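Asks: Please work out how this folds:
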Amino acid sequence: MKVVVIGGTGLIGSKLVGRLAEHGHETVPASPNSGVNTLTGEGVAEVLRGAQVVVDVSNSPSFADDDVMEFFRTSTTNLLKAEREAGVTHHVALSVVGTERLQESGYFRAKQVQEELIEESGIPYSIVHATQFFEFMKGIAEAGTRGDTVHLAPVGIRPVHSDDVAATVGATAVGTPVNGVVEVAGPDTFQLDELIGKGLAAKNDPRTVVADPRAPYFGAQLRETTLLPGPDVRIGKVRFADWVAQQQ
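Replies: Reported below is the predicted structural model:
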């Protein structure tokens, strides 16, 4: 089948394109660099011609509240309209575990709007909710940094490797639309402050992690289970400790 991957040159997109191609699918990576811009609509109709599946793993270039809302609202609207016209039969989008519980955050409000547009589009769909990638731990630490300390809520988190996310998105894309959510997480559960502390120590980062129950997570307050998946989650293979060891 022909699968178009929006955001196909990014972290997940590039892995996904490779996996699908290895399994014999005609896989087309699409991004502004290849002349496909879902925000402006440029090149979208052309790249979707003959496609059965569209996978959207794109992300906003700016995380400012207004910018990210504009990106996901406009790009998703443009993409879904073009899919209806092209006869696409499965729309797959990558989102985040806990999105609906993180609505104090402008980014997650925008992701929620994206999901609602997909659900209301009339196109058969699957939404993959992933927990936080190992590769994003640095960004989480930066967001919580105050001087020489990193303030993080001591709540549960089950991070996942990007390879495992790409594998789940790929399997979902070539399967039957679930018209709902598929969750994927890593094999181990940590406390958020503990996890970031391990990552910083592995890099000999001198910052001290402070367990602060009131510390915001990209603008949202966290409860113990906010970032954790449900019982039907698909479990990845790569362990955080093994990944950290490979980075050294």
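
Asks: State which helix of the chain is the longest.
Replies: Determined from DSSP state H, the single longest helix within the chain is helix 65-86.

Asks: what packs against the following helix or strand past that one?
Replies: Using DSSP states H and E, the next helix or strand after helix 65-86 towards the C-terminus is strand 90-96. Applying 3 or more Cβ pairs under 8 Å, 6 or more residues apart in numbering; DSSP states H and E, one finds that strand 90-96 contacts strand 53-56, helix 65-86, helix 106-119, strand 125-130, helix 162-173. Every residue, glycine included, has its C-beta placed from N, CA and C.

Asks: Go through the longest helix of the chain and flag the buried ones.
Replies: Residues of helix 65-86 classed as buried: 68-69, 71-72, 75-80, 82-83, 86 (neighbour count, 16 or more other Cβ atoms under 10 Å).

Asks: Contacts for that helix next, please.
Replies: 6, 38-41, 44-45, 48-51, 54, 56, 58, 60-62, 91, 93, 106-107, 109-111, 113-114, 117-118, 121-123 (Cβ atoms under 8 Å, 6 or more residues apart in numbering).

Asks: Output that helix as PDB, restricted to C-alpha atoms.
Replies: Provided in PDB are the C-alpha atoms of helix 65-86 (Å, rounded to 0.1, in the frame of the first residue of the first chain):
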ATOM      1  CA  ASP A  65       0.800  28.600  23.000                       C
ATOM      2  CA  ASP A  66      -0.700  30.500  20.100                       C
ATOM      3  CA  ASP A  67       1.800  29.100  17.600                       C
ATOM      4  CA  VAL A  68       1.300  25.500  18.500                       C
ATOM      5  CA  MET A  69      -2.500  25.800  18.500                       C
ATOM      6  CA  GLU A  70      -2.400  27.400  15.100                       C
ATOM      7  CA  PHE A  71      -0.100  24.700  13.800                       C
ATOM      8  CA  PHE A  72      -2.100  21.700  14.900                       C
ATOM      9  CA  ARG A  73      -5.500  23.200  14.100                       C
ATOM     10  CA  THR A  74      -4.600  24.500  10.600                       C
ATOM     11  CA  SER A  75      -2.300  21.700   9.500                       C
ATOM     12  CA  THR A  76      -4.700  19.000  10.700                       C
ATOM     13  CA  THR A  77      -7.700  20.700   9.000                       C
ATOM     14  CA  ASN A  78      -5.800  21.000   5.700                       C
ATOM     15  CA  LEU A  79      -4.500  17.400   5.900                       C
ATOM     16  CA  LEU A  80      -7.900  15.900   6.600                       C
ATOM     17  CA  LYS A  81      -9.600  17.900   3.900                       C
ATOM     18  CA  ALA A  82      -7.000  16.700   1.300                       C
ATOM     19  CA  GLU A  83      -7.400  13.100   2.600                       C
ATOM     20  CA  ARG A  84     -11.100  13.100   2.000                       C
ATOM     21  CA  GLU A  85     -10.600  14.400  -1.500                       C
ATOM     22  CA  ALA A  86      -7.900  11.800  -2.200                       C
END
